[in-house]
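1. 3D, please:
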Amino acid sequence: MDNSAELQTFKIVIIGDSYTGKTSLAYRLCTGKFYEKLETTIGVDFFQKIVNINDERVKIQVWDSAGQERFRKSMTVHYYRNVDAIVFVYDITSEPSFQSLTLWVEEYKHYTIPDKVVKILIGTKSDLTESKRVETNVARKFAEQYGMPFYEVSSKNDGDKQTIETIFSSVAEKLQKEKPVVLKRARVLNKSGSLQSRGSEKSATLEKNVTLKDEKEKLEKEKKKCCGSGS
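-> The predicted model follows:
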């Protein structure tokens, strides 16, 4: 019997410019593998992973958002809704992607209650040291300015697999400590059938474009509109 619908669930949204490795980061976390395809996310991709936090199974829902404005502007409100944590991502080989972080932070502040959301900063592609354009100390100062932990990782490097899992587990643990009452209530509602997880119940599952059932039709309509006006 699959009891995953009864688990504590944390919604984590990964945001940042296109081609910064957001999908690869989520894919490595949830499958343990490197995402080989180089393609832009259209709309929202959805991953899930069940982890053990303090001897308790917890479900992490990872939302991989589109970085390009034309693919995401009409869907922004959907993936910020009920968010528990934000992962800001930039590519260490791309200074523009780092400069864009200020805009991403402003967007997050606009759509969320900042004090209620856990946030971290991740610099991706740390294996490309010779092409590095954003110095570690500069990124660390940015993270300190906004009060968030900072990490540099490589989704391509198998050696960073455990590091990535530890980073997201630490986020889940922080959420577990900060929102115990809310989560306890959610578990009770889940057991009564009043509140159910609407994503796929399979761990490490990617659902293209459509994420939660109650938003499926709306997201599909919005995606068609924005894509229809594209290049």
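2. as a whole number, average confidence for the lengthiest helix in the chain?
-> Determined from DSSP state H, the single longest helix within the chain is helix 161-178. In this model, helix 161-178 carries a mean pLDDT of 94.
3. try stretch 85-92
-> According to the model, stretch 85-92 has a mean pLDDT of 98.
4. Give me the residues contacting it.
-> The contact list for stretch 85-92, computed with C-beta atoms under 8 Å, 6 or more residues apart in numbering, reads 10-17, 19-22, 25, 97-98, 100-101, 104-105, 108, 112, 117-126, 128, 132-134, 139, 148, 152, 171, 175. Bear in mind the C-beta positions are built from the backbone N, C-alpha and C, glycine included.
5. Which members of those residues are classed as buried?
-> The neighbour-count test (16 or more other C-beta atoms under 10 Å) marks 10-17, 19-22, 25, 97-98, 100-101, 104-105, 108, 112, 117-126, 132, 134, 139, 148, 152, 171, 175 as buried among those.
6. among the residues you listed, which are in helices?
-> Short answer: these in helices (DSSP H) are 22, 25, 97-98, 101, 104-105, 108, 139, 171, 175.
7. so can I have TSV of these showing distance to Lys49?
-> Formatted as TSV, these follow (distance: C-beta to C-beta, whole Å):
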residue	distance to Lys49
Lys22	15
Leu25	12
Ser97	25
Phe98	27
Leu101	25
Trp104	23
Val105	26
Tyr108	22
Ala139	26
Val171	12
Leu175	14
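8. Would you mind identifying the helix or strand in this structure with the lowest mean pLDDT?
-> helix 180-192 (a mean of 48; mean pLDDT, DSSP states H and E).
9. which residues touch Asp105?
-> For residue 105 the amino acid is Val, not Asp. 88, 146.
10. Quickly note the distance from it to Tyr79.
-> According to C-beta to C-beta, to the nearest Å, Val105 and Tyr79 sit 16 Å apart.
11. Asp160 now?
-> Asp160 is 25 Å from Tyr79, by C-beta to C-beta.
12. These two: who's more crowded?
-> When Asp160 and Tyr79 are compared on other C-beta atoms under 10 Å, the one with more neighbours turns out to be Tyr79, at 25 against 22.
13. isn't the more buried one right up against Val62?
-> No - using C-beta atoms under 8 Å, Tyr79 is not in contact with Val62, being 10.9 Å away.
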